[in-house]
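S.K.: Sequence first, then the predicted structure, then my questions.
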Amino acid sequence: MGLGREKRHLVASRAARELKTGMIVNLGIGIPTLVADYVPPDIHVVFQAENGILGYGPTPREGEEDPFLCNAGGLPVTLSKEASYFDSTVAFGMIRRGLLDLTILGALQVSEEGDLANWIVPGKRVPGMGGAIELAQKARRVIVATEHLARDGRPKILRACTFPLTTRKSVQLIITDMAVIQVTEQGLVLQEVAKEYEPGDVVQATEARLIIPPHVERF
Amino acid sequence: MGLGREKRHLVASRAARELKTGMIVNLGIGIPTLVADYVPPDIHVVFQAENGILGYGPTPREGEEDPFLCNAGGLPVTLSKEASYFDSTVAFGMIRRGLLDLTILGALQVSEEGDLANWIVPGKRVPGMGGAIELAQKARRVIVATEHLARDGRPKILRACTFPLTTRKSVQLIITDMAVIQVTEQGLVLQEVAKEYEPGDVVQATEARLIIPPHVERF
Amino acid sequence: MNEREKALSKVSTLEEALKYINDGTVLMFGGFGGIGNPPTLVEGILQKGVKNLFLIGNDTGFPRVGIGRLVTAGRVKKIITSHIGSNPVAGEQMHRGELDVEFSPQGTLAERIRAGGMGLGGFLTDVGIGTMVEEGKQKIVSLGKEYLLETALTAEVAIIHADRADTFGNLTYIRSARNFNPLVAMAADITIVEADEIVPLGTLDPEVIVTPGVYVDLVIPSGGVNWKWAWEEKKGT
Amino acid sequence: MNEREKALSKVSTLEEALKYINDGTVLMFGGFGGIGNPPTLVEGILQKGVKNLFLIGNDTGFPRVGIGRLVTAGRVKKIITSHIGSNPVAGEQMHRGELDVEFSPQGTLAERIRAGGMGLGGFLTDVGIGTMVEEGKQKIVSLGKEYLLETALTAEVAIIHADRADTFGNLTYIRSARNFNPLVAMAADITIVEADEIVPLGTLDPEVIVTPGVYVDLVIPSGGVNWKWAWEEKKGT
């Protein structure tokens, strides 16, 4: 996926700090999936999956995987005590009705205004939108958790997306291996920078304009 | 309901002879409900109810009623071995999708063309259509089981309905305490007459024109 | 309850639940012919003196059974429903202009409530085409066929009767008392459940849960049915 | 089986089931990421040599997993789906013009299949408004809000994987293998179920049945999953 294991897990663990007790949360394919393994012990959230589970837990130990208990990405998960199963219309009913407090999604591109593009690389790859449109359009809070740069080294955080959009103005927070960036009315605000980088590195790796407040946290 | 107990049961038992093995059958409120108690022992049908049962059986013995196992009319039933429960959208999904082989409904009026009126007595009683429109419009075969005359003595089987319609051209067979009448392209055909009546009695009690074939069965 | 169970618990009281139900509330109810109507909540609404309710549900029960008791007591101003035939009081109020009744075919009504619960705007059906049901509705042609557009229904509050509820609000129903209950559970901003049994988290098999807890806001214990069923009364006379 | 059970039985064989699946058949399938795809029926279709299939279902699985095997073997001409990302073979065929792919957002796709199964013409949703998803769709304004009209989907045949089936075709599923299975079960003219266990009538609790038998035409025994899951293969390398 372009990033080393450590960096992917760094992004996931930082994203997990956005979880709050009581939240109903959906995790997209890729880095977001890893968030389920980083839930702080004093935080109690309920994970939902498009294939029809409400209430799953972290990755099972090796050898304890159940092929019929997987998340929407097809990877084995465990079950929480509050769990229920249902068909995919019910899974998306919950999403469309606005019952998801948070979704964490991957991205091909994100714009200054919070536009999200994550299902077509024109002329190259058209994986399909899966449930991304519903999630990005309907969850109360949308966080993108992604590599800061695309595999080819090009910036993913742009003034305007060049790929076909998944949704407009839906992303509220961007978490990458380099930075945590908030989408605001005024534009993108650099909130945190990863330990090994300086704000200047982030600016260089970002095509969109970044507002850099006097104090930037480290993570 | 205007008719004595015996006559209501006569209609129901005659209607039960229209059941064929393998049929999925819905019974309307009133006389049709009684049909479940007259299924011939060698005929195996599956009764469906709008409140969410597929596979119910005859009325329980007195004292063995279960208030939470009732048909769409709110009357206690028993359960068959093939039974399942579901919500009312699924019950009507089955109906709209055309999976009901037969429905037996009550009627305020039926016309020569098989139009059915069974939910409004203008200026008097507006009970609501319940599930009658879906059933009459979507079941593969629609039988009306009713008193031949209305409570006020007026004919129910008319050249044209005067009450608001439930559906147009949907009824295929009319079973009353006086007669069994088939709705055909040519018009209403008198198929059978109840033992205590003559064809002439039926003609007199019917506003619609009746085609009387040379041989009319008795029931 | 451990910390997680406490954090996810929706167990509450009748008193708390009734705070959400006030004069003029748009109130959906589960049940069909009285069966599946929530007895304790109906009784609580009567006791509280709530009036001018706008109800949405399958039918008006019987005069002394279920949701019909609210109609009989004159607490209902408007109802969207499919059938009032089993409750003559509702018919009388309608004819006197005291009760505003909007009829929807039963399957259409169920589906409109589900559409609201599912975050949809409405759906296309040919049920009722060529009858009074058409009146006031958009006709849409799709793939060469004509349909009625039936709009989604939602409510401020839904009251439902479950068999078992766990503390998160996962629900199962009992036999034909399921009917409209799982539908209205999804379609209201606040869903209040009275359950015959409230069980600890983890008790219900996830395979048999009908309503996932995410739809439920409050769970209160049911006192059970406090009326005689219509067929019992008939036998009694 | 007694006479009634025989009269209601839908138990059949793979050979009989495959008679319904032929070149060009419009075929819906249950499953999500391979899980819930029916392994015995997929294998049977491969063995029979059926080609030019028009598939409708959530995704194209993985190249050697589930429904993906039909794609890999070049048996699919068209598919309506939400995601092909886990099956690079599908992407290659699409770019070469060998596979016609129509994308629907996942929840919209699920709902379109359900609408077909429920005898509806379609539904209104605002999902995808302002994106490519709009293209070619009617826009409908209802109650002052703009929606896309999404049309119902049906199929000639549906193939599904159940956990337990009774002889009437009442079905339960296993954990997250439920997903699209109960939906496609309703939406096809002929629904073929392979079940891990076929049980006598009366064995399944009516409360826990997910798919009522009225939707099922044939029940055949499943030979179980005959592929390695994608995550198993990854670990193996």
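M.R.: The structure has been received and is ready for your questions.

S.K.: buried residues in the helix or strand harbouring residue C:140?
M.R.: Assigned by DSSP states H and E, residue C:140 belongs to strand C:139-142. Using 16 or more other Cβ atoms under 10 Å in any protein chain shown as the test for burial, strand C:139-142 gives C:140, C:142. Just so you know, the C-beta spots here come from the backbone N, C-alpha and C atoms, and that holds for glycine as well.

S.K.: Check stretch A:85-104 too.
M.R.: Within stretch A:85-104, the residues that qualify as buried are A:85-97, A:99-104, counting by 16+ other Cβ under 10 Å.

S.K.: so who does the spatially most central residue of chain C touch?
M.R.: By Cα atoms, centre = their mean, the mean C-alpha position of chain C lies nearest to residue C:29, the distance being 1.7 Å. The neighbours of residue C:29, taking Cβ atoms under 8 Å, 6 or more residues apart in numbering or on different chains as the test, are C:37-38, C:55-57, C:67, C:158-160, C:180, C:184.

S.K.: go again using 7 Å as the cut-off
M.R.: Each residue near residue C:29 by Cβ atoms under 7 Å, 6 or more residues apart in numbering or on different chains is listed here: C:37, C:55, C:57, C:67, C:159, C:184.

S.K.: and what of residue A:61?
M.R.: Under the criterion of Cβ under 7 Å, 6+ apart, the contact list for residue A:61 is empty.

S.K.: Let me know the helix or strand that it is in.
M.R.: Assigned by DSSP H and E, residue A:61 falls outside every helix and strand.

S.K.: roughly how far apart are it and chain D?
M.R.: For residue A:61, the distance to chain D equals 13 Å [Cβ to the nearest Cβ, to the nearest Å].

S.K.: can you pull the pLDDT of that residue?
M.R.: With respect to pLDDT, residue A:61 scores 95.

S.K.: same deal with residue A:1?
M.R.: For residue A:1, the predicted pLDDT is 42.

S.K.: now residue C:1
M.R.: 87.

S.K.: same check, this time on the one 5 residues further on
M.R.: Here, the pLDDT recorded for residue C:6 equals 96.

S.K.: Double-check that it belongs to a helix.
M.R.: Yes - assessed by DSSP: H, G, I helix; E, B strand; the rest coil, residue C:6 belongs to a helix.

S.K.: How about residues contacting the strand holding residue C:140?
M.R.: C:124, C:146-149, D:121-122, D:138, D:140, D:149, D:151.

S.K.: Inside strands: which ones of the buried residues of stretch A:85-104?
M.R.: A:85, A:102-104 (DSSP state E).

S.K.: can you narrow those to ones near chain D?
M.R.: Restricting these to those adjacent to chain D (criterion: Cβ under 7 Å from any Cβ of the partner chain) gives residue A:85.

S.K.: Looking at the ones in strands among the buried residues of stretch A:85-104, which is nearest residue A:113?
M.R.: Checking those against residue A:113 with Cβ to Cβ, the nearest one is residue A:103 at 18.1 Å.

S.K.: Which parts of chain A are strands?
M.R.: Using DSSP E, strands in chain A cover A:24-27, A:46-49, A:53-57, A:78-85, A:102-105, A:109-111, A:116-117, A:142-145, A:157-158, A:173-175, A:179-184, A:187-193, A:210-211, A:217-218.
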